[in-house]
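S.K.: Pasting the sequence and the predicted coordinates here, then a few questions.
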Amino acid sequence: MRRLEYLFMALVFVTAGAIIASSYFQGPSLRSVSAIEAPSLNVYWDPALLKPADSIDWGMLRPGEAKNVTIYIVNQTPRPVNLTLGTTGWDPPEASGEIGLAWSHEGKLMLPRGVAETDLSLSVSPGISGVETFSFTITLTAEGLESLTIAVFHDAFTDTSVRIIYPSESESKPLGAAAASVSDWLASSLLYATMGNADEGLDIDPAYVDQATGDPVGEPGEAIVTFGGPIVNPVVRRAEALFGPLENRAPIRFHVEGETLGFRERDGTSIPGASLRLVEVSRGMDLFMIETYSDSEGRHILLCYGLGWKGTYAAGKYYFKEIHGDPASYPYVWMVVLWEDLNGDGFVNAPGDGDGYTVIATGP
Ligand SMILES: [Ca+2]
């Protein structure tokens, strides 16, 4: 994963000084109240993001006890960020060995404008003594990453609401897209298996696809996955439209010229090796693409499809077997892969099971 170091670093301070935190003994218990300040990562109590969390009351803590609070963090920046928790400024210093703070998001990724539910856990050592009041500063470091890549998208799935849109069999679809085949669904199911928080819907469902524009429906920061190419998939058809600002379009697009099918960059630049003749596609070869981008509404989209249906199925198997197993090796915004039915059985075998998968091009 490439990082744009120093370009963006956000610190969230949950402090006990600037921000108040008082702790004191009440009999055998400790009480601690902390206020929260979050200049770049906004913090809320509720998933609807209506109640800003400007302080945490940990309640009464006995020696040996731990308390959890659930908060919702919003990445307000236009970049994916990598989160790290730290504590500083312990007063008295020895309290740091007796009181610990942990959370469930160490090292995790957040998509731009993404929302993450996380638990903060404060624990007090059973043997704490000599500490009547304490204070410390919590630092949540949000390191900005260079761009949304396939690797970032994959890693963010764990904590991101993902909407999977399936091209339907309907003959009447947005933007005049054609009926899809079940193979597009098969490919999607391989991604579904890797996600923790996915909703599924069809392209003819207005809750998933704007029936007038073909745009996917979703909140800023949400992730959207869809399989199947522009012939059957209105979301892809919309993403590859040849009009409108370039930055609103998917990074690469389907291109057909005579009997040759392939992919080009969104501005029309050809991609060497990223095309096949129609006759080759029917003889056990296919090209597929996997790409990710953010649309103008701040939704993060992963598109996967082949020139033919076997290529789309191959994309699903490739994602599951290769990318899911080693996402850090895919720091790309887009990639084009050649699938070949090397064992000649007419079936799309997974990588390592007899067929060939060759990365033709990656970008940017
Ligand atoms: Ca095969």
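M.R.: Cool, got the structure. Numbering: from 1, shown residues only.
S.K.: Report how many residues lie close to the residue nearest to Ala66 when sequence neighbours are not counted.
M.R.: Sequence neighbours aside, Ser123 is the residue nearest to Ala66 in space, at 3.7 Å (criterion: C-beta to C-beta, 6 or more residues apart in numbering). In short, each C-beta sits where N, CA and C put it, glycine included. Look at Ser123: counted by other C-beta atoms under 10 Å, it has 16 neighbours.
S.K.: Could I get the contacting residues of Ser123?
M.R.: 65-67, 99-102 (C-beta atoms under 8 Å, 6 or more residues apart in numbering).
S.K.: same deal with Ala102?
M.R.: By C-beta under 8 Å, 6+ apart, the neighbours of Ala102 are 85, 120-121, 123.
S.K.: so which of those residues is the most crowded?
M.R.: Result: Leu120 is most packed of the contacts of Ala102 (other C-beta under 10 Å), 24 neighbours.
S.K.: Quickly note the distance from that residue to the ion.
M.R.: Counting by C-beta to the ion, to the nearest Å, the separation of Leu120 from the ion is 50 Å.
S.K.: wait, what's in contact with that residue?
M.R.: With contact taken as C-beta under 8 Å, 6+ apart, Leu120 is in contact with 56, 68-69, 71, 101-103.
S.K.: Next step: these restricted to strands.
M.R.: 56, 68-69, 71, 101-103 (DSSP state E).
S.K.: now those as a markdown table including pLDDT?
M.R.: Shown next, in a markdown table, are the ones in strands among the contacts of Leu120 (pLDDT from 0 to 100):
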| residue | pLDDT |
| --- | --- |
| Ile56 | 75 |
| Asn68 | 92 |
| Val69 | 91 |
| Ile71 | 90 |
| Leu101 | 90 |
| Ala102 | 91 |
| Trp103 | 89 |
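S.K.: Of those residues, select the buried ones using a PyMOL command.
M.R.: Buried residues within the ones in strands among the contacts of Leu120, by 16 or more other C-beta atoms under 10 Å, are selected in PyMOL with:
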select buried, resi 56+69+71+101+103
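S.K.: out of the ones in strands among the contacts of Leu120, who's nearest the ion?
M.R.: Closest approach between these and the ion, by C-beta to the ion: Trp103, at 45.6 Å.
S.K.: that's a helix at the residue nearest to Ala66, yeah?
M.R.: No - looking at Ser123 with DSSP: H, G, I helix; E, B strand; the rest coil, it is strand, so not inside a helix.
S.K.: Distance of it relative to the ion?
M.R.: Where the ion is concerned, Ser123 sits at a distance of 54 Å (C-beta to the ion).
S.K.: repeat for Ser189
M.R.: For Ser189 relative to the ion (C-beta to the ion), the value is 19 Å.
S.K.: Give me the buried positions along whichever strand or helix holds Trp58.
M.R.: Following DSSP states H and E, the helix or strand that holds Trp58 is strand 55-61. Buried residues in strand 55-61, counted by 16+ other C-beta under 10 Å: 56, 58, 61.
S.K.: again with stretch 182-189
M.R.: Buried, per 16+ other C-beta under 10 Å, within stretch 182-189: 183-188.
S.K.: Now it: average pLDDT?
M.R.: The average pLDDT within stretch 182-189 is 81.
S.K.: what packs against the strand holding Trp58?
M.R.: With contacts defined as 3 or more C-beta pairs under 8 Å, 6 or more residues apart in numbering; DSSP states H and E, the packing partners of strand 55-61 are strand 29-35, strand 66-75, strand 115-124.
S.K.: Run the chain-centre distance for it.
M.R.: On the basis of C-alpha atoms, centre = their mean, to the nearest Å, strand 55-61 sits 32 Å off its chain's mean C-alpha point.
S.K.: check contacts around Ala212.
M.R.: Per C-beta under 8 Å, 6+ apart, neighbours of Ala212: Pro174.
S.K.: Where does it fall, secondary structure wise?
M.R.: With DSSP H and E as the test, Ala212 turns up in no helix or strand.
S.K.: can you tell me how far the nearest residue to Phe347 once chain neighbours are set aside sits from the ion?
M.R.: In space, and not counting its chain neighbours, Phe347 is closest to Asp341: 7.4 Å by C-beta to C-beta, 6+ apart. Distance, Asp341 to the ion, by C-beta to the ion: 4 Å.
S.K.: and this protein, which of its residues are near the ion?
M.R.: 341, 343, 345, 347, 349, 355 (C-beta under 5 Å from the ion).
S.K.: Give me the nearest residue to Ser189, chain neighbours excluded.
M.R.: Gly316 is the one closest to Ser189 (C-beta to C-beta, 6+ apart), at 7.4 Å.
S.K.: doesn't Phe227 make contact with that neighbour?
M.R.: Yes - counting by C-beta atoms under 8 Å, Phe227 is a contact partner of Gly316 at 6.6 Å.
S.K.: Now do the shared contacts for those two.
M.R.: The contact sets of Gly316 and Phe227 overlap at 187-188, 191, 304 (C-beta under 8 Å, 6+ apart).
S.K.: between those residues, which is closest to the ion?
M.R.: Using C-beta to the ion, those come closest to the ion at Ala187, 15.6 Å.
S.K.: hang on, Asn82 packs against Lys108?
M.R.: Yes - at 7.5 Å, Asn82 counts as touching Lys108 under the criterion of C-beta under 8 Å.
S.K.: returning to that earlier point: take the buried residues of stretch 182-189 and keep only those in helices.
M.R.: Members of those lying in helices (criterion: DSSP state H): 183-188.
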